[in-house]
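Asker: Fold the stuff below for me.
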Amino acid sequence: MNVDVAKQVSQPTLSFKLLKQLRNRNLEIPSSALLNAPETILQLGWGKFMRGFVPDFVQLANNGGRYAGRIVNVQRNVDHRSEAFARQDGLYTLILRGIADGQRVEIKRIIGSISRLLVADREWNQVEAAASKRELRVILSNATETGLKIDPADTLESQPPRGFPGKLTRLLLARWRTTGGQDSEIAVIPTELVENNGPLVRGLVMEQARAWKLDAKFLDWAQNSIHVASTLVDRIVVGTPRAELLAEECAALGYQDDLLTCGEPYYLFAIQADEFTQRHFPMHLTTPNVRFVDDLRPYRTRKLRTLNGPQMILSTLGTLLDYSLIYQALKDPQVGPFTEQTLWQEIIPAMGPEQEAVNAGYARECMQRIDNPTIEHRLQGIRVDLTTKNSIRLFPSIRDFLARKNALPGRLLLTVAATLEVVVRGGLQDANADYILERWRQSDEHSRESVLNFTREALAHLSAHSREPLDVERISPEVTNLLMDIRKDGLRAVLARRYPADQAAEESRKSL
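Answerer: Numbers count the residues shown, from 1 in each chain. Below is the predicted model of the structure:
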């Protein structure tokens, strides 16, 4: 038997019983008060990001005596996560590593702030019952950018609805029916990375309710008793390490944890919300970078453009070069400098001079966070729905660069062309892939006019799907040229010819 596997098998599994043996180690343990706290939050979605974000803040708030409550978590169907959750009594380890104030930081914390994990496809009645309890006052969601749309196949009788708007509407309806609309106000806090996610989610609920012809009294309650926030979330969470590294982490911890989640210490949770939401979700009292703000726009613009923008450039180009980690792409002698050039010569200038110093400082911090060798940020997860992510995170910079500079942002357009090439190569898990691939099959890749028509159709579709306006006619000719060059000569040749690495990004930084 492999030594690492033998170590894994011989180790005890993380559990309530094991907690007593771990209290004197360099490991943060959930308090007994937390483990007995009432269920006050329902969280829809339990991907890697959500495991490393809100449950952490809820635990710290409980431990600090500023909150008393736990999370009921909901995932769509049974998988290894729900099975591990049951084995481990709902406990998992969060490991945060990175640089803070110039010092290397490592935090190991066993998370116990999740009371139950319900599987929607099997336990929908229990999900509705949880949402109906009066003491539960917050619903959090992370349906991803592509999940914010109504599924036309959903009906009021679906058990459960497949679409996120259908699920949320059913939960709110169950709460209204159970409580009679009395003492039943609730906060809804979406965490999807789309602009104005609060109004968007509220609009989807009302649209779904009207499509199902729900009672006018419910519609009135929904308008007046549901407090929907808008948010901006920021933390790099890479999830559970690959098997070899997981075995090493568990060997160091002394127990087996199949839900172990890794991320960075940095976090920001900016929330635009009313007093009700602040009162029932007071995480800002113990975690200062959970901030209730009057205007999300500067936070969102800064984060999506100067952190997520470079991440998506690295992920897109790294995919074409067969890298598996974002860190590998950053260290590539062509891709790394190209990404920094794009950041300092196109993304930052597109944001304008009004907050130049703040944006530049944040950009430097973001590049340090991306350049974090202590966590493995895998491209496999980042490139899921790559086209939607790139549309949301790159199109605004393209749009503003065109407006401010009256010139084409060539590096960003090269990334757009590379995005289309990733889709055309096939195998991408992406909501827009079928549409783009079908248009490509109808094209003649040897005819520039045909590829230009393909590019126009693909970019117009992405612009509409992401709700990010784009001057498709203006940029399509250059994106077409770049796409054809990448297909003919390869990405490395195009980078070397157009943007050689010796165009140092540091000179661009100093010029700001």
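
Asker: Just the pLDDT at the closest residue to P161 other than its chain neighbours, thanks.
Answerer: Among residues not flanking P161 along the chain, D154 sits closest, at 3.9 Å (CB to CB, 6 or more residues apart in numbering). (Each C-beta comes from the backbone N, C-alpha and C, glycine too.) Looking at D154, its pLDDT is 96.

Asker: Let me know the helix or strand that the residue lying closest to H461 once chain neighbours are set aside is in.
Answerer: Nearest residue to H461 in three dimensions, chain neighbours excluded: Y435, at 5.7 Å (CB to CB, 6+ apart). Y435 belongs to helix 433-441 when elements are defined using DSSP states H and E.

Asker: thinking again about what came up before, do you know how far the residue nearest to H461 is from V424?
Answerer: 12 Å (CB to CB, to the nearest Å).

Asker: which of those two has more neighbours?
Answerer: Taking other CB atoms under 10 Å, Y435 and V424 do not tie; V424 has more neighbours (21 against 17).

Asker: could you measure the more buried one against M367, distance?
Answerer: 30 Å.

Asker: Equivalent analysis for R383, please.
Answerer: In this view, R383 and M367 are 20 Å apart by CB to CB.

Asker: And for I99?
Answerer: Where M367 is concerned, I99 sits at a distance of 12 Å (CB to CB).

Asker: When these two are compared, which one has more neighbours?
Answerer: Set I99 next to M367 and count neighbours by other CB under 10 Å: M367 wins out with 20 against 17.

Asker: Is the more buried one within a helix or a strand, and which one?
Answerer: helix 356-370.

Asker: from the chain's centre, how far out does that helix sit?
Answerer: 19 Å (CA atoms, centre = their mean, to the nearest Å).

Asker: can you give me how far the following helix or strand past that helix is from the chain middle?
Answerer: Downstream of helix 356-370, the first helix or strand assigned by DSSP H and E is helix 379-382. With CA atoms, centre = their mean as the basis, helix 379-382 stands 11 Å off its chain's centre.

Asker: Check stretch 430-449 too.
Answerer: The answer for stretch 430-449 is 28 Å, by CA atoms, centre = their mean.

Asker: Tell me the secondary structure at the spatially closest residue to P165 that is not a sequence neighbour.
Answerer: Leaving aside its chain neighbours, P165 sits nearest to L204 (4.0 Å; criterion: CB to CB, 6+ apart). Counting by DSSP: H, G, I helix; E, B strand; the rest coil, the backbone at L204 sits in helix.

Asker: Tell me the pLDDT of L204.
Answerer: 96.

Asker: got a list of what the residue nearest to P161 touches?
Answerer: D154 makes contact with 161-163, 165-166, 208, according to CB atoms under 8 Å, 6 or more residues apart in numbering.

Asker: in stretch 476-485, what counts as buried?
Answerer: 476, 478-485 (16 or more other CB atoms under 10 Å).

Asker: just stretch 35-48 next, same as before
Answerer: Under 16+ other CB under 10 Å, the buried positions of stretch 35-48 are 35, 37, 39-46, 48.

Asker: So which of these sit within strands?
Answerer: Counting by DSSP state E, the buried residues of stretch 35-48 place 39-44 in strands.

Asker: JSON lines please, covering those residues and showing pLDDT and distance to Y362.
Answerer: Listed next are those as JSON lines, based on pLDDT from 0 to 100; distance: CB to CB, whole Å:
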{"residue": "E39", "pLDDT": "98", "distance to Y362": "37"}
{"residue": "T40", "pLDDT": "98", "distance to Y362": "33"}
{"residue": "I41", "pLDDT": "98", "distance to Y362": "30"}
{"residue": "L42", "pLDDT": "98", "distance to Y362": "33"}
{"residue": "Q43", "pLDDT": "98", "distance to Y362": "28"}
{"residue": "L44", "pLDDT": "96", "distance to Y362": "30"}
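
Asker: May I see the residues you listed arranged in JSON lines, with distance to E356 as well?
Answerer: Formatted as JSON lines, those follow (distance: CB to CB, whole Å):
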{"residue": "E39", "distance to E356": "46"}
{"residue": "T40", "distance to E356": "42"}
{"residue": "I41", "distance to E356": "39"}
{"residue": "L42", "distance to E356": "42"}
{"residue": "Q43", "distance to E356": "38"}
{"residue": "L44", "distance to E356": "39"}
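
Asker: and which of these is nearest Q59?
Answerer: Distances from Q59 to these, taken as CB to CB, are shortest for I41 (11.8 Å).

Asker: Am I right that the closest one is in contact with R70?
Answerer: Yes. Under the criterion of CB atoms under 8 Å, I41 makes contact with R70 at 7.2 Å.

Asker: what residues are shared contacts of the two?
Answerer: Common neighbours of I41 and R70 (CB under 8 Å, 6+ apart) are V58.

Asker: Number of residues surrounding the closest residue in space to R302 that isn't next to it in sequence?
Answerer: Distance criterion CB to CB, 6+ apart; nearest residue to R302, sequence neighbours excluded, is Y362 at 5.4 Å. Neighbours of Y362 under the rule other CB under 10 Å: 18.

Asker: Pretty sure Y362 sits against T301.
Answerer: No. Contact criterion CB under 8 Å: Y362 and T301 do not qualify, at 10.5 Å.

Asker: just checking, D89 is part of a strand?
Answerer: No. Counting by three-state DSSP, D89 falls outside a strand, being coil.

Asker: how close does it get to I41?
Answerer: From D89 to I41 the distance is 19 Å (CB to CB).

Asker: Report the secondary structure state of Y67.
Answerer: Under three-state DSSP, Y67 comes out as coil.

Asker: how about it, what does it touch?
Answerer: Here Y67 is in contact with 58, 61, 282-283, 285-286 (criterion: CB under 8 Å, 6+ apart).

Asker: Can I get the buried part of these as one ChimeraX selection?
Answerer: Of these, the buried ones go into a single ChimeraX selection, burial set by 16+ other CB under 10 Å:
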select :58,61,283,286
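
Asker: Closest to S132 out of the contacts of Y67?
Answerer: Nearest to S132 out of these is V58 (CB to CB; 20.7 Å).

Asker: How about that closest one, nearest residue that isn't a chain neighbour?
Answerer: Using CB to CB, 6+ apart, the closest residue to V58 is S113 (4.3 Å).

Asker: Also H284?
Answerer: H284's closest residue in space is V290 (CB to CB, 6+ apart), at 4.5 Å.

Asker: Please apply the same query to E185.
Answerer: S225 (4.6 Å).

Asker: For that neighbour, list the residues it contacts.
Answerer: Applying CB under 8 Å, 6+ apart, we find S225 in contact with 181, 184-186.

Asker: Can you give me the pLDDT of it?
Answerer: 97.

Asker: Repeat that for R23.
Answerer: pLDDT, read off for R23, is 84.

Asker: you'd agree it is up against P30?
Answerer: No. Between R23 and P30 there is no contact under CB under 8 Å: 10.8 Å.

Asker: These two: who's more crowded?
Answerer: Remark: of R23 and P30, P30 carries more neighbours, 20 against 8, as counted by other CB under 10 Å.

Asker: Excluding sequence neighbours, find me the nearest residue to the more buried one.
Answerer: The shortest distance from P30 to any non-neighbouring residue, by CB to CB, 6+ apart, is to G112 (3.0 Å).

Asker: so who does that neighbour touch?
Answerer: 30, 34-35, 59, 90-91.

Asker: do M283 as well
Answerer: M283 touches 54, 57-58, 60-61, 67, 269, 290, counting by CB under 8 Å, 6+ apart.

Asker: So which of those are in helices?
Answerer: Per DSSP state H, helices hold the following members of the contacts of M283: 54, 57-58, 60-61.

Asker: Just list what the host helix or strand of R279 packs against, helices and strands only.
Answerer: Assessed by DSSP H and E, R279 sits inside helix 275-280. For helix 275-280, the contact count by 3 or more CB pairs under 8 Å, 6 or more residues apart in numbering; DSSP states H and E identifies strand 186-190 as packing neighbours.
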